[in-house]
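S.K.: Okay, structure incoming, though there's no sequence with it:
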């Protein structure tokens, strides 16, 4: 009877096998597999640092004399770049929303009646009240 395993278990087994098999062949350790949720909680600086580190490590693998598979680094770089693109789009949309909000508030303020900004009578009355008490 054949043992049935889930797709994620098979993927883990393949990654584990790949890591063990290639542990001694690659010039540097394989990249740590990041979870999408972990990337979402990282700061922008940490994401940039991770991207640079993965890119530099990938270049070391490419520059080595043997022909190694760069797919583990390419996959991790793709996830990091995707997260950076999502953040960029969200930032742009937020800026657009803020500009629209400012424009709407400006339109509403134009329609407000003009205010009497002379409060000297109030200040004088409160001053007299303090002096008399």
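M.R.: Looks like it arrived, so ask away. In this text the structure is predicted, and so the values were computed from the model without any measurement.
S.K.: and the closest residue to residue 74 other than its chain neighbours, what pLDDT?
M.R.: Nearest residue to residue 74, sequence neighbours excluded (Cβ to Cβ, 6 or more residues apart in numbering): residue 58, at 7.0 Å. (Each C-beta comes from the backbone N, C-alpha and C, glycine too.) If you check residue 58, the pLDDT there is 91.
S.K.: Residue 39 now?
M.R.: Predicted confidence (pLDDT) for residue 39: 91.
S.K.: Could you measure from it over to residue 72?
M.R.: Per Cβ to Cβ, to the nearest Å, residue 39 is found 16 Å from residue 72.
S.K.: higher neighbour count, the two?
M.R.: More crowded of residue 39 and residue 72, by other Cβ atoms under 10 Å: residue 72, with 22 against 18.
S.K.: and the residue nearest to residue 74, how many neighbours?
M.R.: Residue 58 has 20 neighbours, counted by other Cβ under 10 Å.
S.K.: who touches it in this structure?
M.R.: Residue 58 makes contact with 70, 73, 74, 77, according to Cβ atoms under 8 Å, 6 or more residues apart in numbering.
S.K.: What's the local residue count around the last one?
M.R.: Using other Cβ under 10 Å, the number of residues around residue 77 comes to 18.
S.K.: give the contact list for it.
M.R.: With Cβ under 8 Å, 6+ apart, residue 77 has these contacts: 51, 54, 55, 58.
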